[in-house]
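**Student:** Provided below are the primary sequence and the corresponding predicted coordinates.
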Amino acid sequence: MKINIQPTLENTSLLLYPLGEEDFEELYLAASDPEIWKQHPNKERWQREVFRNFFEGAIKSKGAFKVVDKNTGEVIGSSRFYDYEEIKNSILIGYTFFKTAFWGKGVNRMVKALMLDYIFQFVTTVDFHIGAENIRSQVSIGRLGIKKISEQEVTYFGEQPKLNFVYRLSKADWLLNKMIVK
């Protein structure tokens with residue numbers, strides 16, 4: 001089945017737009033704080049040239065989003081779908097970051113909910129790669145009821161392999177979790 005892994009998604013607070021080449025400067029502005037990257041696999045992504053490589057990988061994935069605050073129009077971060085596997089009926093979500101001013105405000109939960117609600121129309125399983133040192137993201141994904149299933153060396157676009165934890169969510173668990181949260 002052919003699916004669009006780069007639609008426009010929105011809720012009352014956020015817009016997820018397909019990331020385009022023209023978005024580099026705005027997204028780099030959001031990404032240029034070293035604090036964002038302290039726990040990520042590549043702690044140097046706040047540097048312009050290192051981020052350029054990250055951005056190039058995002059564009060080539062054809063599944064990346066810029067996340068925009070609807071109240072201000074400000075680009076506040078990014079996330080993406082990648083590695084869709086038709087045979088396994090699965091996809092990954094990752095490469096997510098947000099400006100520190102938006103940490104602890106439910107932005108990650110809202111972005112993941114938008115992405116999961118959309119993609120579970122097409123797949124039955126979503127995996128997440130989270131850096132082994134990224135405690136903040138591990139806690140955040142756990143709050144969504146998503147469980148760690150394994151560890152894996154992941155080679156990020158143009159970077160050296162890094163240890164990641166793999167988390168998995170089934171469509172059935174997502175729908176059940178949403179019913180409990182309501």
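**Tutor:** Yep, that arrived. Numbers count the residues shown, from 1 in each chain.
**Student:** run a quick neighbour tally on residue 59.
**Tutor:** Counted with other C-beta atoms under 10 Å, residues neighbouring residue 59 total 15. For the C-beta atoms, the positions are set from N, CA and C on the backbone; glycine is no exception.
**Student:** wait, it sits on residue 21?
**Tutor:** Yes: under the criterion of C-beta atoms under 8 Å, residue 59 makes contact with residue 21 at 6.2 Å.
**Student:** and the end-to-end length of stretch 16-26?
**Tutor:** One end of stretch 16-26 sits 14 Å from the other (C-alpha to C-alpha, to the nearest Å).
**Student:** who touches that stretch?
**Tutor:** Taking C-beta atoms under 8 Å, 6 or more residues apart in numbering as the criterion, the residues outside stretch 16-26 that touch it are 6-10, 27, 52, 55, 58-59, 64-68, 75, 78-80, 111, 114-115.
**Student:** would you mark the buried spots in that stretch?
**Tutor:** The neighbour-count criterion (16 or more other C-beta atoms under 10 Å) identifies 16, 17, 18, 19, 23, 24 as the buried residues of stretch 16-26.
**Student:** show me those that map onto strands.
**Tutor:** Secondary structure from DSSP state E places 16, 17, 18 of these in strands.
**Student:** how close does residue 35 sit to residue 66?
**Tutor:** 20 Å (C-beta to C-beta, to the nearest Å).
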